[in-house]
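S.K.: sequence first, then the predicted structure, then my questions.
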Amino acid sequence: MKKKLKIIIAIILLVPVKECLKDGGTIKYNAVLWGVTKEHSMTRDSAGNHGYSTGIIVRILWFDVYKDLEFTPHQKGA
């Protein structure tokens, strides 16, 4: 009985749920103890320029341990 309980708890804490956002293609894999976000979203930078943000964010517990985001501005006339 204890072994089954440990397995169930491990599944709840470690198995991710996939979430697709409608912001340009962002995909999130979230579990209780960790999460990975493959970001591709339309956004603005601090100067107000339109563009999109791409990259990866890795979260362990509630802390971002790896964050590699890059902003690409929209090219007018393209």
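M.R.: Good, I have the coordinates. Residues are numbered from 1 along each chain as shown.
S.K.: drop to CA atoms for contacts and neighbour counts, all remaining ones
M.R.: OK.
S.K.: tell me where the chain has helices.
M.R.: 2-14 (DSSP state H).
S.K.: what's the closest non-adjacent residue to the residue most central in space within it?
M.R.: In the chain, the residue lying closest to the centroid (C-alpha atoms, centre = their mean) is T37, at 1.6 Å. Nearest-residue entry for T37: K28, 4.4 Å, with adjacent residues in sequence omitted and distances by C-alpha to C-alpha, 6 or more residues apart in numbering.
S.K.: please report the distance of that neighbour from E39.
M.R.: Per C-alpha to C-alpha, to the nearest Å, K28 is found 8 Å from E39.
S.K.: name the residue in these two with the higher neighbour count.
M.R.: For K28 and E39, the more surrounded residue by other C-alpha atoms under 10 Å is E39, and the numbers stand at 22 against 19.
S.K.: quick check: that one vs G24, distance?
M.R.: Following C-alpha to C-alpha, the distance that separates E39 from G24 is 9 Å.
S.K.: do H40 as well
M.R.: For H40, the distance to G24 - C-alpha to C-alpha - is 6 Å.
S.K.: so which of those two has more stuff around it?
M.R.: H40 (21 against 15).
S.K.: so what's the more buried one up against?
M.R.: Applying C-alpha atoms under 8 Å, 6 or more residues apart in numbering, we find H40 in contact with 23-26, 52-55.
S.K.: apply 6 Å and report the result again.
M.R.: 24-26, 53-54 (C-alpha atoms under 6 Å, 6 or more residues apart in numbering).
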